[in-house]
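Peer 1: This is a predicted model, with the sequence first.
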Amino acid sequence: MHTNLRCDATRCIYNNSNYCYAGRINIDGKLADDIDDTYCSTFREKDYQQFTSSIHGDNSLQPITTHNIKCDAVKCKFNENKVCKADEVKINSGNASCNTFIEQI
């Protein structure tokens with residue numbers, strides 16, 4: 001399995017072994033100047049009774065890649081018309097921020 005999107009937000013229901021199975025994700029942070037101002041708005045936290053995600057048994061789903069990222073962080077150098085053009089993306093474990101964000105100067 002190959003994907004250029006790594007998600008360390010393991011408390012998200014779409015995360016399976018650091019791969020994202022949401023289908024498409026949205027990165028918010030319209031006014032973001034740094035990584036901590038961005039976040040994956042697709043993130044949905046597992047509740048305490050949910051030990052596995054509903055996607056774990058479905059072999060038809062594939063992990064998403066950076067081509068499936070809608071990005072509203074307009075100051076990011078990888079944002080081209082709200083589409084992420086980074087070669088690789090990493091979503092942070094602590095706050096589901098986009099660790100790939102680099103402010104365009």
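Peer 2: That came through, no problem.

Peer 1: Leaving out the residues flanking it, which one is nearest to Asp87?
Peer 2: Of all residues not flanking Asp87 in the chain, Asn4 sits nearest, at 6.4 Å (Cβ to Cβ, 6 or more residues apart in numbering). Every C-beta, even on glycine, is put in place using the N, C-alpha and C of the backbone.

Peer 1: Next, count neighbours for that neighbour.
Peer 2: 14 (other Cβ atoms under 10 Å).

Peer 1: residue contacts, the closest residue to Ala9 other than its chain neighbours?
Peer 2: Of all residues not flanking Ala9 in the chain, Ala96 sits nearest, at 4.4 Å (Cβ to Cβ, 6+ apart). Residues in contact with Ala96, defined by Cβ atoms under 8 Å, 6 or more residues apart in numbering, are Ala9, Cys12, Tyr39, Cys40, Phe43.

Peer 1: what's the answer for Ala32, then?
Peer 2: By Cβ under 8 Å, 6+ apart, the contact set of Ala32 is Thr38, Ala73, Lys75, Cys76, Phe101, Glu103.

Peer 1: Could you do Tyr19 as well?
Peer 2: Met1, Thr3, Leu5, Arg6, Cys7, Pro63.

Peer 1: Also Gly94?
Peer 2: So Gly94 contacts nothing (Cβ under 8 Å, 6+ apart).

Peer 1: State the pLDDT value of it.
Peer 2: On pLDDT, Gly94 comes in at 87.

Peer 1: Tell me which helix or strand it sits in.
Peer 2: Secondary structure assignment for Gly94, by DSSP states H and E: no helix or strand.

Peer 1: I'd like to know how far it sits from Lys77.
Peer 2: 23 Å (Cβ to Cβ, to the nearest Å).

Peer 1: Could you do His67 as well?
Peer 2: 17 Å.

Peer 1: Which one's more surrounded, the two?
Peer 2: Taking other Cβ under 10 Å, His67 and Lys77 do not tie; Lys77 has more neighbours (14 against 11).

Peer 1: Surely the more buried one touches Thr100?
Peer 2: No: shown here, Lys77 and Thr100 do not form a contact pair, counting by Cβ atoms under 8 Å, at 9.7 Å.
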